[in-house]
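Enquirer: Model the following, please.
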Amino acid sequence: MNIIDILKKRRTQYALGKTLPMAENEVDALIREVVRQAPSSFNSQSSRVVILFGRESEKLWSIVKETLRAIVPAENFASTDAKIDSFAAGAGTILFFEDQDAVRELQQQFPLYAENFPTFSEQSGGMAQFAVWTALANVGIGASLQHYNPLIDEEVARTWGLPASWKLRAQMPFGSNEQPIDEKTFIDDAIRFRTFR
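Expert: Numbering: from 1, shown residues only. All right, here's what the predicted structure looks like:
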């Protein structure tokens with residue numbers, strides 16, 4: 001299949017269900033292999049991933065909900081509640097982290113580039129997220145990318161016993177596509193691109 005056709009499949013899906021087109025262990029293996037193959041600066045391999053299925057995923061979204069309940073005014077919470085429930089309705093969630101120890105190690109090894117390694121890490125993480133999202137879409141699994149960090153960072157690390165050096169960067173709820181996905185719209189090319197020959 002043409003790479004552009006594969007990329008076109010990746011869209012935000014909020015209507016998620018628990019029925020996956022393949023076994024959980026196959027989804028797990030797919031995610032792991034995609035992250036392995038994603039590029040990283042200086043081959044740092046700084047991305048870290050936690051894959052949550054079923055009740056573990058629901059536990060994450062309960063953490064998010066209760067964290068937000070403490071800061072969102074009660075009169076405005078209904079829409080937040082519904083949104084979080086839509087993520088919990090999926091089959092699982094992928095938590096994307098960047099290991100700050102890996103970043104610091106590169107800063108020590110290559111002091112000339114030290115100030116750039118945090119940015120390089122973010123770029124590596126973004127590529128891993130995009131690659132996983134695209135790979136899931138290609139096998140018929142819907143997903144979206146969420147960012148409730150840093151609000152939930154401490155509780156997530158405590159709940160799953162994660163190293164302090166892992167910095168949470170994104171959450172990707174995934175599952176069956178329970179509704180059609182809207183077509184993507186694009187801004188005018190003249191705004192976005194410039195070509196010089």
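Enquirer: buried ones in the biggest helix by length in the chain?
Expert: Taking DSSP state H as the criterion, the chain has its longest helix at helix 117-138. Across helix 117-138, burial judged by 16 or more other C-beta atoms under 10 Å covers 117-118, 120-121, 124-126, 128-129, 131-137. Using the backbone N, CA and C atoms, a C-beta is placed for each residue, glycine as well.
Enquirer: And those residues, which is closest to Gln171?
Expert: Gln129 (10.0 Å; C-beta to C-beta).
Enquirer: quick one, strands of this structure?
Expert: 16-17, 47-53, 92-99, 142-143, 166-177 (DSSP state E).
Enquirer: Taking strand 92-99 as reference, get the angle to the second one.
Expert: Following axes from the mean of the first three to the mean of the last three C-alpha atoms, to 10 degrees, one obtains 160 degrees for the angle between strand 47-53 and strand 92-99.
Enquirer: helices or strands up against strand 47-53?
Expert: helix 24-37, strand 92-99, helix 117-138 (3 or more C-beta pairs under 8 Å, 6 or more residues apart in numbering; DSSP states H and E).
Enquirer: Redo the ones you listed as CSV? Include distance to Asp182 and mean pLDDT.
Expert: Converted to CSV, these look like this (distance: least, C-beta to C-beta, whole Å; pLDDT from 0 to 100):
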stretch, distance to Asp182, mean pLDDT
helix 24-37, 24, 98
strand 92-99, 22, 98
helix 117-138, 14, 98
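Enquirer: distance of Gly92 from Ile71?
Expert: Counting by C-beta to C-beta, to the nearest Å, the separation of Gly92 from Ile71 is 26 Å.
Enquirer: And the two? Which one has more around it.
Expert: Gly92 (25 against 9; other C-beta atoms under 10 Å).
Enquirer: is it true that that one touches Gly175?
Expert: Yes. Contact status for Gly92 versus Gly175: in contact at 7.0 Å, counting by C-beta atoms under 8 Å.
Enquirer: Could you list which residues are in contact with the residue lying closest to Phe110 once chain neighbours are set aside?
Expert: Nearest residue to Phe110 in three dimensions, chain neighbours excluded: Phe42, at 7.2 Å (C-beta to C-beta, 6 or more residues apart in numbering). For Phe42, the contacting residues are Leu106, Phe110, Phe120, by C-beta atoms under 8 Å, 6 or more residues apart in numbering.
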